[in-house]
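Trainee: need a 3D model of the sequence below.
(one chain, ligands or ions: 1)
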Amino acid sequence: MNPLKRIGRRRASVLGLAALVALVTPGTASGAPDAVKASTLGAQAAQSGRYFGAAVAAGRLGDGTYTGILDREFNSVTPENEMKWDATERSRGQFTFGPADQIVNRAAARGQRLRGHTLVWHSQLPNWVSSITDANTLRSVMNHHITTVMNRYKGRIHSWDVVNEAFADGGSGQHRPSVFQNLLGNGFIEQAFRTARTADPAAKLCYNDYNIEDWNAAKTQGVYRMVRDFKARGVPIDCVGLQAHFGAGGPPASFRTTLSSFAALGVDVQITELDIAQAPTTAYANTVRACLNVARCTGITVWGIRDSDSWRAGENPLLFDRNGNKKPAYGSTLTAMGGTPTTQRADTSSPRSAAALPSRFSWSSSGTLISPKPDATHNIAGIKDPTVVRYNGKYHVFASVASSSGYNLVYLNFSDWSQAGSATHHYLDRSAIGAGYRAAPQVFYYAPQRLWYLVYQTGNASYSTNPDISNPNGWSAPRHFYSSMPDIIRQNIGNGYWVDMWVICDSANCYLFSSDDNGHLYRSRTSVGQFPNGFTDTVIAARDSKYALFEASNVYKVQGADQYLLLVEAIGSDGRRYFRSWTSSSLAGSWTQLAASESNPFARANNVSFPSGAWTRDVSHGEMIRSGYDQTLTIPACRLQYLYQGMNPGASGDYNLLPWRLGLLTQTNSTC
Ligand code: G2I
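Mentor: Now for the predicted structure:
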């Protein structure tokens with residue numbers, strides 16, 4: 001965002017631009033189908049709206065091979081042991097959430113979904129519970145446990161295993177004996193589900209068990225009768241988890257019938273703990289196919305990552321060997337979902353993978369969602385350059401506010417977009433950020449330091465930090481990333497401006513991108529350990545003509561793919577702002593055009609529909625809605641949303657006084 005440029009200068013320069021743009025941005029319409037074959041389990045499962053998850057152990061999160069596979073392949077996580085009763089309430093009323101928090105916070109920051117496992121189970125139950133002898137005490141202890149654990153993670157868990165393994169093995173089809181069954185009778189399961197619904201009404205409530213995959217088994221029929229009865233009587237239940245701990249033969253022939261029979265009762269089904277002795281390729285493929293064939297089979301979780309992580313390690317039942325290499329069953333699993341495996345060694349950096357994003361985009365725009373809210377001391381003309389994260393159940397938006405006296409920043413939060421217009425605007429010149437030229441903010445949580453960063457331009461590239469994103473007064477005074485403008489920028493900037501600083505990190509390095517309104521995208525680097533200090537090695541990351549590579553660059557990691565997305569704002573042959581896009585397999589790599597022309601733009605008035613009225617012809621400086629909130633800037637591969645600035649097409653005059661407003665694009669050609 002260039003605070004100084006004027007619309008008049010821009011319009012005057014547009015003559016002859018059409019030819020120029022055509023020259024430098026050849027059309028990239030490829031006719032490639034929108035449906036893509038992803039090269040990782042999570043990304044491919046997402047193509048059909050499903051998740052592919054893994055059980056995760058907090059104790060292994062320091063193992064880079066383990067987390068490398070976890071973050072590359074899986075988009076859902078189940079804590080393997082950390083949410084169980086013996087881990088969370090070892091003595092009555094004393095709750096411990098450290099290891100569970102570790103898994104939850106890590107997954108949430110990366111946009112991975114979470115399954116909760118498990119609230120009521122006869123196993124891994126502390127002695128103080130199993131030795132209770134009084135029904136009223138046990139009931140209140142059970143309800144308190146469910147409520148406390150669910151409250152802790154409220155809004156962050158997509159599905160909870162409320163009750164685990166309550167049915168007996170063998171031919172009875174009845175509940176197994178347990179302290180819950182023995183003291184509370186058959187009604188304990190219903191009681192647990194009712195308490196769970198009250199505690200977190202948004203979570204899907206699941207009954208989870210093993211050996212219920214064979215439709216002909218008495219245990220399966222017992223669970224089926226319970227779910228049918230719950231649905232008939234309005235007891236809250238949303239899904240059945242089938243653990244799927246299989247022998248080498250894989251799933252029983254009736255597995256798909258079992259899944260579809262439960263689904264027909266009006267519940268989702270999920271494969272929750274998949275592992276198969278010796279991991280035969282066909283057995284894995286058959287399991288996956290059974291799920292894909294049932295619309296309400298919403299996801300698959302494997303019970304561990306490498307064979308050495310498995311509770312059945314001696315049977316090598318998982319998709320990765322102990323060195324982290326993909327096993328043949330990995331390939332058959334991915335292929336069964338329609339994906340394409342890449343050959344990949346666990347200990348090298350990821351090679352390029354199949355594109356997870358389509359090569360053409362179409363969007364639907366909201367109307368104006370956020371407009372300036374001037375107050376007695378802030379006479380604001382435009383609200384611009386938004387940055388946004390979803391954290392703790394809220395969208396947190398920071399933006400530039402433009403007025404005749406210059407630029408500063410504003411902060412607002414709201415729980416959903418329908419509330420955006422009524423949110424309070426907090427002017428950040430009242431914080432230690434202070435008055436004066438501050439513009440084009442970017443916000444993220446820097447997980448290694450457990451600190452929020454707001455990056456913005458002040459003439460230099462600057463930042464403030466805050467331990468609490470929701471506290472507008474918590475931001476520190478500005479500090480600069482550079483002692484002065486790097487030489488390479490000084491040599492290339494011409495008559496442009498140094499603007500729109502953007503930070504993104506991979507597991508080793510952080511990169512700072514910036515633009516010069518003169519056709520150059522710059523990139524500097526520091527290590528994750530040194531950040532925010534040490535940005536050096538500034539290079540030109542991309543170059544084009546001035547208006548074809550103008551400003552407002554954004555760079556993101558595409559979830560589940562070895563793919564980064566670069567967006568840069570251009571000025572079109574009609575003088576209107578739009579976005580071009582490129583991808584790369586590495587943040588330090590070269591960028592390949594994705595949708596990068598006026599005829600096949602990433603987002604431009606010609607690929608956006610405006611159901612509530614064409615309030616803008618510009619699709620200008622904005623930011624993607626991320627799937628997480630940390631420094632990796634991870635975005636989903638599907639159903640993209642982009643918060644942007646637009647304005648009344650008839651407006652003109654002083655650039656700083658133009659009536660910019662914020663609106664939201666939602667991708668309409670997503671295939672997943
Ligand atoms: O048993 C396989 C699974 C069956 N369905 C419910 C799941 O929750 C269950 O998971 C396993 C974990 O994979 C094991 O990791 O549950 C076991 C306990 O029943 C877990 O084993 C426990 C050991 O029993 C403990 O001694 C150990 O301290 O793992 C703990 C942490 O490694």
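Trainee: what helix or strand is the residue of the chain found nearest the ligand located in?
Mentor: Nearest residue of the chain to the ligand (C-beta to the nearest ligand atom) works out as W311 at 3.6 Å. Every residue, glycine included, has its C-beta placed from N, CA and C. Following DSSP states H and E, one finds W311 outside all helices and strands.
Trainee: near the ligand, which residues of this protein?
Mentor: 80-81, 123-124, 164, 210, 243, 273, 311 (C-beta under 6 Å from any ligand atom).
Trainee: let me have those residues in CSV, adding neighbour count, secondary structure and pLDDT as columns.
Mentor: Below are the residues of the chain next to the ligand laid out as CSV (neighbours: other C-beta atoms under 10 Å; DSSP: H, G, I helix; E, B strand; the rest coil; pLDDT from 0 to 100):
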residue, neighbour count, secondary structure, pLDDT
E80, 22, coil, 98
N81, 18, coil, 98
S123, 12, coil, 96
Q124, 12, coil, 95
N164, 22, strand, 98
Y210, 18, coil, 98
Q243, 22, coil, 98
E273, 22, strand, 98
W311, 15, coil, 96
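Trainee: let me see the contact set for the residue of the chain closest to the ligand.
Mentor: By C-beta atoms under 8 Å, 6 or more residues apart in numbering, the residues touching W311 are 303-304.
Trainee: my read: V608 touches T666, true?
Mentor: No: judged on C-beta atoms under 8 Å, V608 makes no contact with T666 at a distance of 10.0 Å.
Trainee: who has more neighbours out of the two?
Mentor: With neighbours defined as other C-beta atoms under 10 Å, V608 and T666 compare such that V608 has more, 25 against 16.
Trainee: contacting residues for the more buried one?
Mentor: V608 touches 362-365, 619, 665, counting by C-beta under 8 Å, 6+ apart.
Trainee: show me which pair in the residues of the chain next to the ligand is furthest apart.
Mentor: Greatest spatial distance in these: N81 and Y210, 16.2 Å, computed using C-beta to C-beta.
Trainee: which strand or helix spans N286?
Mentor: Using DSSP H and E, N286 falls in helix 281-292.
Trainee: list the buried residues of stretch 411-418.
Mentor: Within stretch 411-418, the residues that qualify as buried by neighbour count (16 or more other C-beta atoms under 10 Å) are 411-414, 417.
Trainee: thinking again about what came up before, overlap in contacts, V608 and T666.
Mentor: 363-365.
Trainee: quick one: which of these sit in helices?
Mentor: Per DSSP state H, helices hold no members of the shared contacts of V608 and T666.
Trainee: which one (most neighbours) among these?
Mentor: Neighbour counts for those peak at S365, which has 25 neighbours (criterion: other C-beta under 10 Å).
Trainee: just list the residues touching the nearest residue to R176 once chain neighbours are set aside, thanks.
Mentor: Residue nearest to R176 in three dimensions, not counting chain neighbours: A168, with 4.0 Å by C-beta to C-beta, 6 or more residues apart in numbering. Listed by C-beta under 8 Å, 6+ apart, the contact partners of A168 are 174-177, 219, 222.
Trainee: need the residues you listed in CSV with pLDDT and neighbour count, can you?
Mentor: Formatted as CSV, those follow (pLDDT from 0 to 100; neighbours: other C-beta atoms under 10 Å):
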residue, pLDDT, neighbour count
Q174, 98, 15
H175, 98, 18
R176, 97, 15
P177, 97, 10
K219, 98, 22
G222, 98, 19
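Trainee: which strands and helices sit next to the longest helix along the chain?
Mentor: As assigned by DSSP H, the longest helix anywhere in the chain is helix 135-152. When contacts are defined as 3 or more C-beta pairs under 8 Å, 6 or more residues apart in numbering; DSSP states H and E, helix 135-152 sits against helix 85-88, strand 113-121, helix 179-184, helix 188-199.
Trainee: point out the most buried one among those.
Mentor: Ranked by mean neighbour count, the helices and strands packed on helix 135-152 are led by strand 113-121 with a mean of 24 (mean count of other C-beta atoms under 10 Å).
Trainee: so which bits of the next helix or strand after it are buried?
Mentor: Once the chain leaves strand 113-121, the next helix or strand it forms, by DSSP H and E, is helix 127-130. Across helix 127-130, burial judged by 16+ other C-beta under 10 Å covers V129.
Trainee: quick one: contacts of helix 127-130?
Mentor: 85, 91-92, 122, 138, 141, 179.
Trainee: among those, which ones are buried?
Mentor: Buried residues within the contacts of helix 127-130, defined by neighbour count using 16+ other C-beta under 10 Å: 85, 122, 138, 141, 179.
Trainee: arrange these in a markdown table, one row each, with pLDDT as further columns.
Mentor: What follows is the buried ones among the contacts of helix 127-130, written out as a markdown table (pLDDT from 0 to 100):
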| residue | pLDDT |
| --- | --- |
| W85 | 98 |
| H122 | 97 |
| L138 | 98 |
| V141 | 98 |
| V179 | 98 |
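Trainee: ok, which pair from those is furthest apart?
Mentor: H122 and V141 (14.2 Å).
Trainee: show me where the stretch 301-450 of the chain has strands.
Mentor: 363-365, 382-391, 394-403, 406-414, 426-427, 439-446 (DSSP state E, counting those that start in this stretch).
Trainee: to clarify, my last question referred to the stretch 501-650 of the chain.
Mentor: Under DSSP E, counting those that start in this stretch, the stretch 501-650 of the chain gives strands at 509-515, 520-527, 536-543, 551-558, 564-571, 577-584, 592-593, 608-609, 620-624, 634-635, 641-646.
Trainee: buried ones in stretch 92-108, by neighbour count?
Mentor: By 16+ other C-beta under 10 Å, the buried positions in stretch 92-108 come out as 97, 99-100, 102-104, 106-108.
Trainee: can you redo these as TSV with pLDDT and secondary structure?
Mentor: Converted to TSV, those look like this (pLDDT from 0 to 100; DSSP: H, G, I helix; E, B strand; the rest coil):
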residue	pLDDT	secondary structure
F97	97	coil
P99	97	helix
A100	98	helix
Q102	96	helix
I103	97	helix
V104	95	helix
R106	92	helix
A107	91	helix
A108	86	helix
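Trainee: which of those sits closest to Q645?
Mentor: A108 (28.2 Å).
Trainee: tell me which element N208 is part of?
Mentor: In the assignment (DSSP H and E), N208 maps to strand 204-209.
Trainee: which positions in the following helix or strand past that strand come out as buried?
Mentor: Heading C-terminal from strand 204-209, the first helix or strand you meet, by DSSP H and E, is helix 218-233. Buried residues in helix 218-233, defined by neighbour count with 16+ other C-beta under 10 Å: 218-224, 226-228, 230.
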